[in-house]
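Asks: Take a look and give me a structure for this.
(chains A and B)
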Amino acid sequence: MSDHITEESNFSETKEKEKEKEKQKEQDEAEDEELRKLLLSDVQNLPSTPPSAVESNFAIYFALDFMKPRHDQYVYRHANGLCVIGLAPSHVAFKDEGGITAIDFNVGKSDRSGVKVTGKRKKNAQHFESNTALCKVSTKNDSYIVRCCVKGSLLEVNQQLIKQPELLNASADREGYIAIIMPKPADWLKIKASLVSFEEYKKLREVS
Amino acid sequence: MEQKAEEEVSNAFPPSFSSSDLKQLLHSLPSNALNHFFSLGVCVRCILRLFGIKGPIYASIDNGSVENPVDSTASNETKLCNVCLGILQFRFYDDREKRMFQKDAAYDVALLIADMVRQEGYQFDSFSLEVSIPPLILQKEASLWSYIQTKYGSEPWFQEKIHTGCVSIKDALKFSLINPLEKLLDCKSSWCPFRIRLTYTHTKASEGVAKCSDNGGSCKRRKTDESDSTGERPLSSSVENGSFDCSKLFPKSENEPCHFTYNCFRTPFYFGGRYLKYSRNVSQTCWIIDDERMGEASVEEIIGIKVLQACRGDNYKFHAAGREDIDVRMLGPGRPFILEVQNTRLVPTEQFANNIEKMINEEENKLVRVKNLKLVGSDGWNLMREGEGEKQKQYAALVWTSRPLKDEDFQQVSSLKDLKVVQRTPIRVLHRRSPLEREKIIHWMKMETVAGSSQYFLLHLCTQAGTYIKEFVHGDLGRTHPRYDKNLRLMQCLMAKMSGTHTNLLVTALF
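Replies: Predicted structure coming up:
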């Protein structure tokens, strides 16, 4: 008789535990469903072609005919003040057959690729003027000097270009960037006046 | 030390003590020493202290009815005590009321303090008394004590008490004030967050310190001619042969009452919980540049201001286990945080925490949600450390890629486990962080289709703590890339395509 009762009480205990498990599972599923909905809430009204990461994070400027005709460079300025410098698609170097074949950072008084900038305060960074030479890019028959465009501290040069100069031909506007410069706020304002916006660039160089 | 003194109050003498009881007690003490102390200008409570007596007797004595037991002359209580400079005689300059204060009973001082407490409007069911005494007085006490040790060290009554030493001024003051305060505030004193702080300062104290620094920091050497806190030879010999001039123990120039100030405060309370952030325009902490706020609000203010107002505190400090960008949502279980609230006027309870959680979650704009808000002790910090140290973090990123997706892409991405990536300091933080290369691990990834699109997808990923997710997806102009490995060429291609063309992404933190 007592065995029967114990069996019954054990049975109801396990049933209760099962009920609790079920409840917890339901709760978890409900939370997961809510999370899914939230994740996909961004999905409404998506543009078919959103702006690129560069377009979203930087203000894009161009320096046209910098010190020499058709020496066009871009300046991407981040909200934190840093400027990424590179060759604009209309740069004369890209007109040469075969495009750019080599790059050399050893110009002016030092090898720009050799400087080690360290720490939050950017120790050892060299201070350059806007017309200081940054590097020299060579094509089959010619070479062109690329300049800073912006007065400031040189934080880094794109070391990848030394081994892979073809990045300049394939994606000069991204992986083929040349250097990152940190200007003082006053120096930026001075140079900004001589730069043109993306829209103006497209008009002036008839690029789509 | 403070805790013990409060316990001993209840263990020692019975609370009611009459002046005849005091007389009896004084008569029971060794008369030669007693008389000597009286002649040195030591007040009655300091005398009791020197004989190691404890308990509520300190509270019961009425200064006006104390007599010198030996020769029944008027008591020392009219003159300023040479050791405590009036602290135990309830004579001081009250910095709050800005006037001299001179009362006969501890109860009167307790009244002053209790009035202040009532004005401040704190809710409390217990209090803890803290006392601060100027170093000048501690020096006087030390020199007197070492003089006594030298003069009476050999006497049997001293041998008996030597292991207890004398009762400190702080303890004697607590013995004086705790009983009356308990009556006036209608609660017991105990070790608790509500503190009443009594601070005594002395104008001569800074001079004493200056003298010390002239001496190259060697106070003890300087004071040898007046007293000797270390019991060095010159003092003991002159004391023993009776040639020591007692008036040198207590220079008259220092004979001024102390300044007294008193206040009350509560030690901080800590609330712990997890927060979710639904908005892409809310920063974690208050973010203001040049008087302009970035974003529309901050998590710390949304939570902190509500809690602060509810407990009526002075200010708060927000501590979170890690952080996310302003434009990144925080969903899933939520991020652990601790909110420290200082000097609350009310005492928060569990129910209180529940109510605040509801208030925050019922806000109309639904920018932030709080889970499991509760009061935490030191265990809360352990939870935080765990939260930060959790080696793996999970995210979901909505990604667009210019090349339409194929089934193989989904499979390839899912097959990659513990992918090593090298991240150079992202350009967006390069202005304030060191230029370094950091290797991080992407533990797993899963791509999920987004209805109706062949170019948008949801990327679920689990990464090592400290990985820059945005830069992993868009490549940061090639400054974030996978470590080269023959198995990863395919991933590289996909990654390169994603960063090489146009990408945009919206990241959500999910861990």
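Asks: Just confirm yes or no for the helix ranked longest in chain A near chain B.
Replies: If you go by DSSP state H, chain A has its longest helix at helix A:2-40. Yes - residues of helix A:2-40 contacting chain B under C-beta under 8 Å from any C-beta of the partner chain: A:35, A:38-40. Just so you know, the C-beta spots here come from the backbone N, C-alpha and C atoms, and that holds for glycine as well.
Asks: Would you list the buried entries among those?
Replies: For those, a burial check counting by 16 or more other C-beta atoms under 10 Å in any protein chain shown picks out A:38-39.
Asks: contacting residues for residue A:65?
Replies: A:71-72 (C-beta atoms under 8 Å, 6 or more residues apart in numbering or on different chains).
Asks: follow-up on the earlier one: if we only consider the residues of helix A:2-40 next to chain B, which is nearest to residue B:431?
Replies: residue A:39 (31.7 Å; C-beta to C-beta).
Asks: How about the residue most central in space within chain A, nearest residue that isn't a chain neighbour?
Replies: With distances taken as C-alpha atoms, centre = their mean, chain A has residue A:54 as the residue nearest its mean C-alpha position (5.6 Å). Once flanking residues are discounted, residue A:54 sits nearest to residue A:76: 6.3 Å by C-beta to C-beta, 6 or more residues apart in numbering or on different chains.
Asks: count of neighbours near that neighbour?
Replies: Residue A:76: 22 surrounding residues under other C-beta atoms under 10 Å in any protein chain shown.
Asks: State the helix or strand in which it lies.
Replies: Following DSSP states H and E, one finds residue A:76 within strand A:73-78.
Asks: Packing partners of that strand?
Replies: When contacts are defined as 3 or more C-beta pairs under 8 Å, 6 or more residues apart in numbering or on different chains; DSSP states H and E, strand A:73-78 sits against strand A:58-63, strand A:83-87.
Asks: Give the buried residues for stretch B:372-386.
Replies: B:373, B:376, B:380, B:383-384.
Asks: can that stretch be found next to chain A?
Replies: No - Stretch B:372-386 stays clear of chain A (C-beta under 8 Å from any C-beta), getting no nearer than 14.0 Å.
Asks: Show residues contacting that stretch.
Replies: B:269-274, B:319, B:321, B:336-338, B:348-350, B:353-354, B:356-357, B:360.
Asks: What parts of chain A come near chain B?
Replies: A:35, A:38-40, A:42-43, A:46, A:49-54, A:56-57, A:78-82, A:84, A:117-120, A:122, A:155-156, A:158, A:160, A:167, A:171, A:174-175, A:177, A:180, A:182.
Asks: Can you list which of these are found in helices?
Replies: Those of the residues of chain A next to chain B mapping onto helices are A:35, A:38-40, A:53-54, A:56-57, A:160, A:167, A:171, per DSSP H.
Asks: Give me the residue ranges of the chain where confidence is low.
Replies: No chain in the question, so chain A it is. Chain A contains residues with pLDDT under 70 at A:1-6, A:8-9, A:42-44, A:207-208.
Asks: should've been chain B
Replies: B:1-17, B:19, B:67-77, B:161-164, B:205-248, B:253, B:387-390, B:483-511.
Asks: run the last query once more with 50
Replies: Applying pLDDT under 50 to chain B picks out residues B:1-2, B:6, B:8-14, B:207-235, B:243, B:485-504.
Asks: Burial check on residue 100, number of neighbours?
Replies: Unless you meant another one, I'm taking chain A. Count around residue A:100 with other C-beta under 10 Å applied: 24.
Asks: I was after chain B.
Replies: 11.
Asks: Output the one helix or strand it maps to as CSV - backbone C-alpha positions only.
Replies: Using DSSP H and E, residue B:100 sits within strand B:99-102. Written as CSV, here are the backbone C-alpha positions of strand B:99-102 (Å, rounded to 0.1, in the frame of the first residue of the first chain):
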residue,chain,number,x,y,z
ARG,B,99,30.7,80.3,18.9
MET,B,100,32.4,79.0,22.0
PHE,B,101,30.6,76.1,23.6
GLN,B,102,30.9,75.0,27.2
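Asks: Mind listing what's buried along that strand?
Replies: residue B:101.
Asks: Also stretch B:336-351?
Replies: Buried-residue list, stretch B:336-351, by 16+ other C-beta under 10 Å: B:336-344, B:346-348.
Asks: cool, and stretch B:472-483?
Replies: Buried residues in stretch B:472-483, counting neighbours by 16+ other C-beta under 10 Å, are found at B:472-482.
Asks: Mind checking which of these land in strands?
Replies: B:480-482 (DSSP state E).
Asks: nearest to chain A, of those residues?
Replies: Nearest to chain A among these: residue B:481, at 9.0 Å, using C-beta to the nearest C-beta.
Asks: neighbours around the closest residue to that closest one other than its chain neighbours, how many?
Replies: Using C-beta to C-beta, 6+ apart and skipping residues adjacent in sequence, the residue nearest residue B:481 is residue B:422, 6.1 Å away. Around residue B:422 there are 14 other residues, counting by other C-beta under 10 Å.
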